[in-house]
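1. Provided below are the primary sequence and the corresponding predicted coordinates.
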Amino acid sequence: MTPRPLIAGNWKMNGLLRHLTELEAISGACAGMGEGKDLLICPPATLLSASAGLLFGKAAIGGQDCHAETSGAYTGDVAAEMLADLGATYVIVGHSERRAGHGESDADVRAKAQAAWRAGLTAIICLGESAEDHEAGEKLRVLGAQLAASVPDGMSAKNTVIAYEPIWAIGSGRTPTTEDIANVHDFLRQNLAERFGKEVADGVRLLYGGSVKPDNAAEILAIVNVDGALIGGASLKAADFVAICRACPSSKD
Ligand SMILES: O=C[C@H](O)COP(=O)(O)O
């Protein structure tokens, strides 16, 4: 049995109150679409509360980051429990924009995933190679190291989703070949099986992210071991996000 697919939208630092109309449109279009697949929107933290109401029963909501600690003197940060308090059930950790822009290490990402678990959230742990690593043929070595160091012991199919996002594909309009995506996802599944056992590894959802659009979604989502997508730019427009959700098979069984 293959995992239930997940289509996740990451709004990044985009979205004001007036853009909630996009969520209203997604909510309207997604009625009944959640059969056999899970839908998720990760808006900016400022819109989480309103998003929870608009998407209730249609799509889950999630945070884009959380602090590793439960509470304390961390000005500007958001605890995983605060996200859960607003109705979030997922949180993205280790996005390459956090790793690069905020100096987050694999150890930081691992601690954030553990914080997410403590709050009852599913952690979407992001991995991805740079253009330099890609061109130097170092991709699998880099990804293997990130996976080993970013995913905590105790991972399960319920508490964790892995998102493979080649950094060079994010927001660039470029995507790896379907063969390259398939090879990476096979590698990640195998790697997880060696550490956590086949049953756990087979249940964990492996998302692809990086320039997923309505016109390439069906091809990418049909790849074996791709259990959904993490979508940035295209999730900001309801019509595009809904088209990608529609392109996602309910199950590969
Ligand atoms: O979290 C989402 C990814 O960074 C992908 O962004 P993108 O779809 O705009 O390339």
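-> Cool, the structure landed. Numbering: from 1, shown residues only.
2. quick one: contacts of stretch 184-200?
-> Outside of stretch 184-200, the residues that reach it under the criterion C-beta atoms under 8 Å, 6 or more residues apart in numbering are 127, 139-140, 143-144, 147-148, 151, 155-157, 162, 164, 176, 201-202, 204, 206, 208, 223-226. Placement of C-beta: from N, CA and C, glycine included.
3. quick one: buried residues of that stretch?
-> V184, H185, F187, L188, R189, N191, L192, F196, V200 (16 or more other C-beta atoms under 10 Å).
4. Next step: those restricted to helices.
-> Here DSSP state H is the test, and those give V184, H185, F187, L188, R189, N191, L192, F196, V200 as lying in helices.
5. Among the residues you listed, which one lies nearest to the ligand?
-> Comparing those against the ligand with C-beta to the nearest ligand atom picks out V184 as the nearest, at 15.2 Å.
6. okay, the buried residues of stretch 184-200 in TSV with pLDDT and distance to I61 next?
-> Rendered in TSV, the data for those read as follows (pLDDT from 0 to 100; distance: C-beta to C-beta, whole Å):
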residue	pLDDT	distance to I61
V184	98	28
H185	98	26
F187	98	31
L188	98	26
R189	98	27
N191	98	30
L192	98	26
F196	98	27
V200	97	26
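7. ok, back up a step: which of the ones in helices among the buried residues of stretch 184-200 come close to the ligand?
-> Checked against the ligand using C-beta under 6 Å from any ligand atom, those yield no neighbours at all.
8. Report the two of those separated the most.
-> Across those, the longest distance by C-beta to C-beta is 19.2 Å; it joins V184 and V200.
9. in stretch 237-251, what's buried?
-> Of all the residues in stretch 237-251, those buried under the rule 16+ other C-beta under 10 Å are A238, D240, F241, V242, A243, I244, C245, A247, C248.
10. Can you list which of these are found in helices?
-> Residues from these lying in helices, with DSSP H as the criterion: A238, D240, F241, V242, A243, I244, C245, A247.
11. The closest residue to the second one other than its chain neighbours: what's it in contact with?
-> This points to D240. Take D240 and drop its neighbours on the chain: the residue closest to it by C-beta to C-beta, 6 or more residues apart in numbering is A234, 4.2 Å away. By C-beta under 8 Å, 6+ apart, the contact list for A234 reads G9, V212, K213, P214, D240, F241, I244.
12. before we move on, the earlier item: just to be sure, which of the contacts of stretch 184-200 are found in helices?
-> Per DSSP H, these map to helices at K139, L140, L143, G144, L147, A148, A201, D202.
13. could you pick out which of the residues you listed are near the ligand?
-> Judged by C-beta under 6 Å from any ligand atom, the overlap between the ones in helices among the contacts of stretch 184-200 and the neighbourhood of the ligand is nil.
14. What subset of those residues is buried?
-> Buried residues within the ones in helices among the contacts of stretch 184-200, defined by neighbour count using 16+ other C-beta under 10 Å: K139, L143, L147, A201.
15. now, which of these sits nearest the ligand?
-> Where these are concerned, and distances follow C-beta to the nearest ligand atom, the ligand has its nearest neighbour in L143, at 15.7 Å.
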